[in-house]
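Asks: model the following, please.
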Amino acid sequence: MLAPDRIVRMKTVLARTGLSRSTIYRKIAEGTFPPRIKISINGAGWKESDIDRWIEDPVSWGPRREYDEGR
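Replies: Got it, this is the predicted structure:
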């Protein structure tokens, strides 16, 4: 059984990627960084698996398609 995917907040994403806050938002707008997930009225974060995939290969990152999930 797979472990549930954690939601990581901005501070963690900044530390793990080495990017600035403005660069992350620019890359989200360009579609070259995982989008945020709204987790409450005032909170948002990222799926840790998406951040891990981006760190592994930032150049070719793209949203995971449904049929890629089984790989």
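
Asks: centre of the chain to the helix or strand harbouring Ala29, how far?
Replies: Per DSSP states H and E, Ala29 falls inside helix 21-30. Relative to its chain's centre, helix 21-30 lies at 11 Å (Cα atoms, centre = their mean, to the nearest Å).

Asks: quick one: strands adjacent to the very next helix or strand once past that helix?
Replies: The helix or strand immediately downstream of helix 21-30 is strand 37-38, counting by DSSP H and E. With DSSP bridges as the test, strand 37-38 is paired with strand 44-47 (antiparallel).

Asks: list the buried residues of the strand it pairs with.
Replies: 45-47 (16 or more other Cβ atoms under 10 Å). (Glycine included, C-beta is placed from N, CA and C.)

Asks: tabulate those residues (CSV), appending pLDDT and distance to Pro58.
Replies: Output for those, formatted as CSV (pLDDT from 0 to 100; distance: Cβ to Cβ, whole Å):
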residue, pLDDT, distance to Pro58
Gly45, 96, 19
Trp46, 96, 14
Lys47, 95, 16
